[in-house]
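Asker: Next input, structure requested:
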Amino acid sequence: MKQLLQDLGKGETRLEEVPSPVGRRGVVVVRTVCSLVSAGTERMLVDFGRAGLVGKLRQQPERVREVWGKVRTNGVGATVAAIRSKLAQPIALGYCQVGAVVDGGGEFAVGERVVSNGSHAEVVAVSGRLCAAIPDGVTDEEAAFTPLAAIALEGIHLLEVGVGERVVVMGLGLIGQLAVRLLLGRGCHVLGWDPSEDRREMARASGAEIPSGDDLAGAALAWSGGKGVAGVLITASTKSDVPVSQAARSCRRRGKVVLVGVVGLHLNRADFYRNEVAFQVSCSYGERTHTGPGSVRANFGEVLEEMAAGRLAVRDLVTERFSFVEAPRAYDRLTGDKSALGLVLEYGSGAVDVGATELGLGDSLGSGAGVALVGAGNFAVRTLLPAMMGLEPRPRLDVVVSNQGYQAVLAAKRFGGARAATDPAVRIDADAVFLCTRHDAHADDAGRYLSAGKSVWVEKPLALTVEEVERVGVAARASGKCVMVGFNRRFAPAAVVLRGALAGRTEVMKFRAVINAGRLDPDHWTLDPKAGGGRIVGEVCHWVDLARYLVGSPIEEIRCERHDLDGQDGGCYVLRFAGGSEAVIDYRTDLPPGVPKEQIEVNGTGWSAEIQNWARLRTEGLGGLSWGGRWSKAPRKGHPEALRAFLEATQGRGPAPIPLDEILEVSRVAVWMQAMRAGDARPVSAGQTAPQGIVGEGMQR
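Answerer: Below you'll find the predicted structure:
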């Protein structure tokens, strides 16, 4: 099947042949009939992609400070490489899709017409929560406007305006036009404003009042008899701060301004203070975590009801229709004609093999160990595969598997893979499988591939519960194959050099790691206890393993000294090892981005060592031992070295990179630390079956 992609580096908008998606519980597979181009969001993405690097930075000035922070921390070379790697990954376009259900995922009937937030592709797979059934009387083309109308509707819900109240809509693009019509349908009086005469006329034809001149606040006050309006919905796109200022000055006492678009946000306190005006930003088209009131499905359903009742007309918003095979031409129109609003892509009735979940791409470029990649997210594509394919001999990439078929194809093409697939049950002709999927799938996937006679690299964590850890251990011993977790830091040159200098020492060591982890979006899947398990089990395990490696003794006790209440899993943990050594892991989520990501200190009687962000090793009392150049800033975290050791082990040319017992030990400890973070800070003996006082899935007292 074909899917539309935007290359953010080269600026090309193109159709890509990709494997069809696979159905599963909770996921709906839909064959597309038509889709709608979002004139605002997609024009912005295409313009960004077609701009040069300087132009890209000008469009996102907030990123400049972030880039300079990375330069100070990691150096120019590493920062430029990271930017280029990010821009080298095309993205899928579109989120207004209509079609017929192929696999209902347990929620919809086969053949049922649905609208979803799926991309521009002949077949899509989306969460059932992001779909809604289309009622009779609403055409496919009309239904394609639903996600955009739902964005407007979510903003209207936040305004909390009632029948007869006066509302201003600033910005009369596609979402603004839909907002005007939805408000009028709810019995509100609407004043619309936009610099484009054509768009003003379209809103006037729908029933909105249109002021003359640029003094919107003055016009709104005059229109409301000097009282001010109940609310202002901003759907404009501009860098100017003027819209927010005028919106606030247009409001009555305790009115509300809701931002749906993108505008400057240097707020003038006086504009809001006088009438105690509230300001709120609307996020997308509804809540995604459920299907009740306020959810995406509920908002989609409300929009469709308005269409079915004849209260929301959208046909006149269609500017032009294109065949899907001409989609790139539609985007030329989008960027070349700023007046274009509704561009509809029609998919026709051609044969599409919805069962074609595998795509052959030719012979692999590699000649070394055969490998397969399951999961083609950012880490796999930007870090793991580049490091792996830089080895000699170059590994032979048999297949890349991803739920998102385009990601599998792009990764396979970029790194010389032979096949791309969406079905994890695809045939694998390789010595080793690399698992880079979401954390909750790691244990089951590792067990399945081990049972199939494959060595397995699990990109941390190994598992989310003690029970899962033990299950993988049993499968590994039964298969006789190599199991590796992506604990790359013990393979970093600085760590290897330091471990060599400490070999044979028996005195008590003190280890301390301060990690500037940064903050994630509160909705990030890593923070989801079911999908990601949390940042402690998923990331802090790195430094647990590093401490275990440098100290060289089993972990006997764990205690939590601090767990932050910021919802980001920050905290400080102390590990006690056999022989009395201790490790302090301070995982910080509140430090500024300019602070180095990792600072490691290790000391003992008469000596100390410091690893500075994996770019330098400095020591005292170890005979002048050091590593890294004076001016070096680029971190070397051991990815190539860990990969080489693993691939050699899979071919019988070396031992397991990390003994299985150590992998299981560190994985158990990480699970227990996450459990402590979840609500129990009492010390834990690492020899226990589970932490004292902690009962959770996969744990027993």
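Asker: ok, the residue positioned nearest the centre of the chain - contacts?
Answerer: Nearest residue to the geometric centre of the chain (CA atoms, centre = their mean): H524, 6.8 Å. For H524, the contact set (CB atoms under 8 Å, 6 or more residues apart in numbering) comprises G532. For every residue, glycine as well, the C-beta is placed using N, CA and C.
Asker: nearest residue to T32 other than its sequence neighbours?
Answerer: G99 (4.2 Å; CB to CB, 6 or more residues apart in numbering).
Asker: name the element the one you found belongs to?
Answerer: In this structure, G99 is located in strand 97-103 according to DSSP states H and E.
Asker: Same question for L172.
Answerer: L172 belongs to no helix or strand when assigned by DSSP H and E.
Asker: Please apply the same query to E507.
Answerer: Following DSSP H and E, there is no helix or strand that holds E507.
Asker: can you pull the contacts of it?
Answerer: By CB under 8 Å, 6+ apart, the contact list for E507 reads G604, T605.
Asker: Equivalent analysis for the one 4 residues further on, please.
Answerer: With contacts defined as CB under 8 Å, 6+ apart, the neighbours of F511 are A547, L550, V551, S581, E582, A583, V584, I600, E601, V602.
Asker: try it again with 10 Å
Answerer: Contacts for F511 (CB atoms under 10 Å, 6 or more residues apart in numbering) come out as 543, 546-548, 550-551, 575, 577, 581-585, 600-604, 609.
Asker: So which of those are in strands?
Answerer: Counting by DSSP state E, the part of these found in strands is L575, F577, E582, A583, V584, I585, I600, E601, V602, N603, G604, A609.
Asker: sorry, back to before: quick check: the residue nearest to T32 touching H120?
Answerer: No - G99 lies out of contact with H120 (CB atoms under 10 Å); the separation is 11.5 Å.
Asker: any shared contact partners between those two?
Answerer: Residues touching both G99 and H120 (CB under 10 Å, 6+ apart): T32, S35, Y347.
Asker: Need the residues you listed in a markdown table (columns: distance to R297).
Answerer: What follows is the shared contacts of G99 and H120, written out as a markdown table (distance: CB to CB, whole Å):
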| residue | distance to R297 |
| --- | --- |
| T32 | 19 |
| S35 | 19 |
| Y347 | 23 |
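Asker: Let's have the residues you listed in JSON lines, adding distance to A492 and pLDDT.
Answerer: Below are these laid out as JSON lines (distance: CB to CB, whole Å; pLDDT from 0 to 100):
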{"residue": "T32", "distance to A492": "47", "pLDDT": "97"}
{"residue": "S35", "distance to A492": "46", "pLDDT": "97"}
{"residue": "Y347", "distance to A492": "50", "pLDDT": "96"}
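Asker: Just the buried subset of those residues, written out for PyMOL, thanks.
Answerer: In PyMOL syntax, the buried subset of these is picked out as below (16 or more other CB atoms under 10 Å):
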select buried, resi 32+35+347
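Asker: out of the shared contacts of G99 and H120, who's nearest H563?
Answerer: Nearest to H563 among those: S35, at 45.4 Å, using CB to CB.
Asker: how about the closest one, what does it touch?
Answerer: Contact analysis of S35 by CB under 10 Å, 6+ apart lists 4, 93-99, 115-116, 118-121, 124, 140-141, 144, 147, 324, 327, 343-347.
Asker: isn't K239 right up against G264?
Answerer: Yes - the criterion here is CB under 10 Å, and K239 meets it with G264 at 5.3 Å.
Asker: are any of the contacts of F511 buried, and which?
Answerer: Among the contacts of F511, those classed as buried by 16+ other CB under 10 Å are 543, 546-548, 550-551, 575, 577, 581-585, 600, 602-604, 609.
Asker: out of K239 and G264, which sits in the more crowded spot?
Answerer: Neighbours per residue (other CB atoms under 10 Å) separate K239 from G264, with G264 holding more: 13 against 10.
Asker: Check what pLDDT the more buried one gets.
Answerer: G264 carries a pLDDT value of 83.
Asker: Then I91?
Answerer: With respect to pLDDT, I91 has a value of 89.
Asker: tell me, how many neighbours does it end up with?
Answerer: Residues lying near I91 (other CB under 10 Å) number 13.
Asker: For it, which non-adjacent residue is closest in space?
Answerer: Computed as CB to CB, 6+ apart, the closest residue to I91 that is not its neighbour in sequence is Q6, at 5.5 Å.
Asker: can you pull up the bridge partners for that neighbour?
Answerer: Counting by DSSP bridges, Q6 forms beta bridges with T13, I91.
Asker: per-residue pLDDT, it?
Answerer: Looking at Q6, its pLDDT stands at 89.
Asker: Can you tell me how far it is from E16?
Answerer: As judged by CB to CB, to the nearest Å, Q6 and E16 stand 11 Å apart.
Asker: more crowded one of these two?
Answerer: Neighbours per residue, other CB under 10 Å: of Q6 and E16, the larger number sits with Q6, 21 against 18.
Asker: Next, find the distance separating the more buried one from Y347.
Answerer: According to CB to CB, Q6 stands 19 Å off from Y347.
Asker: Q568 is in contact with L591, isn't it?
Answerer: No - with contact defined as CB under 10 Å, Q568 does not count as touching L591 (11.6 Å).
Asker: shared neighbours of the two, anything?
Answerer: Common neighbours of Q568 and L591, using CB under 10 Å, 6+ apart, are A517, G518, R519.
Asker: Kindly confirm whether my reading is correct that the second one touches K597.
Answerer: Pointing back at G518 there. Yes - in this structure, G518 is within contact of K597 by CB under 10 Å, at 8.3 Å.
Asker: Check for me that E276 belongs to a helix.
Answerer: No - counting by DSSP: H, G, I helix; E, B strand; the rest coil, E276 is not found in a helix; it is coil.
Asker: which non-adjacent residue is nearest it?
Answerer: Counting by CB to CB, 6+ apart, the residue nearest E276 is R254, at 5.1 Å.
Asker: count of neighbours near that neighbour?
Answerer: Counted with other CB under 10 Å, the neighbours of R254 add up to 11.
Asker: after the longest strand along the chain, next one along is what?
Answerer: Looking across the chain with DSSP E, the single longest strand is strand 27-37. Next along the chain after strand 27-37, taking DSSP H and E as the criterion, comes helix 39-50.
Asker: What is that following helix packed up against?
Answerer: strand 2-6, strand 13-17, strand 27-37, helix 53-59, helix 146-159, helix 174-185, helix 327-336, strand 342-346 (3 or more CB pairs under 10 Å, 6 or more residues apart in numbering; DSSP states H and E).
Asker: cutoff 6 Å now
Answerer: Secondary-structure packing of helix 39-50 (3 or more CB pairs under 6 Å, 6 or more residues apart in numbering; DSSP states H and E): helix 327-336.
Asker: How far off centre is the helix it packs on?
Answerer: When distances are taken as CA atoms, centre = their mean, to the nearest Å, helix 327-336 is centred 27 Å away from the chain's centroid.
Asker: now the angle from that helix to strand 27-37?
Answerer: Using axes from the mean of the first three to the mean of the last three CA atoms, to 10 degrees, the direction of helix 327-336 lies 50 degrees away from that of strand 27-37.
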